[in-house]
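Peer 1: turn this into a model:
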Amino acid sequence: MISGLRVAWRAIRDTYDEMFFLAGVNTLALLLCLPVVTLPPAIAGAAFVTHRTVHGRAFMPRDFWTGFRQYFGASWKLAGVSLVGWLLLIMNLRFYAIQTTPAIRLALIPWGCAGVLWLFAQFYLMPILISQEDKGVWAIFKTSFRLAVSRPFFNLVILVVVAFAAALMLLSGIIAALLLISFLTLTANAALMFRTEPEQWKAREEAEKAAKEEEKDRRSRAGRDTTGRRKRRR
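Peer 2: Now for the predicted structure:
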């Protein structure tokens, strides 16, 4: 649970730190989500940019278009499989929900659990597409299911925080229009990095801690220098 909160906080902080740049990326992605044909590639483009953000790399607006073009076909393949999965889940849940026999209705439990795991898996798809060397659809879904099943409470915490933050953004209106897609893809990339690249995650945390200590020392020295000059003037 604590790990999930740490990842969520990192995503919120990174979104805040890169707010103006990510707002531009989000605006492009949002506009390209309006035509259905460009919706999955637009999400892939945003995920490509936020992948660089999470790893502490510089990014430019053209990186969005790089991800958009590079993963156009692959993102649609993932979207197609995801859609088929959702349809199968909904059909089975609906079928067992209308049954009158209690024993048969118990099948709602495993299908409901399958729906939750399918939702967890969706969260990782685009980040895995960006970071994994094997770009095959089944390889990506295999990795996403492994991550979904292995730490369900971690995934649950992440999704609850994301849902809460997304709800606040949607209520505000303008913030959702400027940051929602960027925030969601950044959180997914942060969660994937925490799960699959723990050494890089730790290295970035240590680098940020060292930078804060250096900034603290610099301010302390500057304060002492200012105090010393004031004393000399007296």
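
Peer 1: show me which helix or strand of this protein is least confident by mean pLDDT.
Peer 2: helix 198-233 (a mean of 71; mean pLDDT, DSSP states H and E).

Peer 1: for the most centrally placed residue in the chain, what are its contacts?
Peer 2: The residue lying closest to the centre of the chain (CA atoms, centre = their mean) is residue 188, at 2.1 Å. Contacts for residue 188 were tallied using CB atoms under 8 Å, 6 or more residues apart in numbering; they are 47, 50, 123-124, 126-127. C-beta: built from backbone N, CA, C; applies to glycine.

Peer 1: tell me the one of those nearest residue 15?
Peer 2: Of all those, residue 15 sits closest to residue 50, with 8.7 Å by CB to CB.

Peer 1: check the burial of the residue nearest to that closest one when sequence neighbours are not counted by counting its neighbours.
Peer 2: Leaving aside its chain neighbours, residue 50 sits nearest to residue 186 (3.9 Å; criterion: CB to CB, 6 or more residues apart in numbering). Neighbour count for residue 186, taken as other CB atoms under 10 Å: 27.

Peer 1: pLDDT score assigned to residue 9?
Peer 2: We have a pLDDT of 88 for residue 9.

Peer 1: wait, doesn't residue 89 sit right on residue 113?
Peer 2: No. Look at residue 89 against residue 113 with CB atoms under 8 Å: they stay out of range, at 10.7 Å.

Peer 1: of the two, who's got more company?
Peer 2: residue 89 (16 against 11).

Peer 1: does the more buried one lie in a helix or a strand, and which?
Peer 2: With secondary structure defined by DSSP states H and E, residue 89 is part of helix 72-97.

Peer 1: that helix: how far from the chain's middle?
Peer 2: 21 Å (CA atoms, centre = their mean, to the nearest Å).

Peer 1: how about stretch 120-135?
Peer 2: 11 Å.

Peer 1: what comes into contact with that stretch?
Peer 2: 43-44, 47-48, 51, 67, 71, 74-75, 78, 82, 139-141, 143-145, 147-148, 152, 155-156, 158-159, 185, 188-189, 191-192, 196.

Peer 1: show me the shaky parts of the chain.
Peer 2: Scanning the chain with the threshold set as pLDDT under 70 gives 1, 220-234.

Peer 1: apply 90 and report the result again.
Peer 2: Scanning the chain for pLDDT under 90 picks out the ranges 1-6, 8-20, 24, 55-62, 99-105, 132-136, 150-152, 159, 161-180, 196-234.

Peer 1: can I see the domain layout of this structure?
Peer 2: 2-196, 199-234 (automatic domain parsing).

Peer 1: pull the CA atoms of stretch 186-195 into PDB?
Peer 2: The C-alpha coordinates for stretch 186-195 follow below in PDB (Å, rounded to 0.1, in the frame of the first residue of the first chain):
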ATOM      1  CA  LEU A 186       2.700   9.400 -16.400                       C
ATOM      2  CA  THR A 187       1.300   7.500 -13.400                       C
ATOM      3  CA  ALA A 188       1.200   4.300 -15.500                       C
ATOM      4  CA  ASN A 189       4.800   4.800 -16.600                       C
ATOM      5  CA  ALA A 190       5.900   5.500 -13.000                       C
ATOM      6  CA  ALA A 191       4.100   2.300 -11.800                       C
ATOM      7  CA  LEU A 192       5.800   0.300 -14.500                       C
ATOM      8  CA  MET A 193       9.200   1.800 -13.700                       C
ATOM      9  CA  PHE A 194       8.800   1.000  -9.900                       C
ATOM     10  CA  ARG A 195       7.800  -2.600 -10.700                       C
END
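
Peer 1: need the contact list for residue 58.
Peer 2: Residue 58 touches residue 52, counting by CB under 8 Å, 6+ apart.
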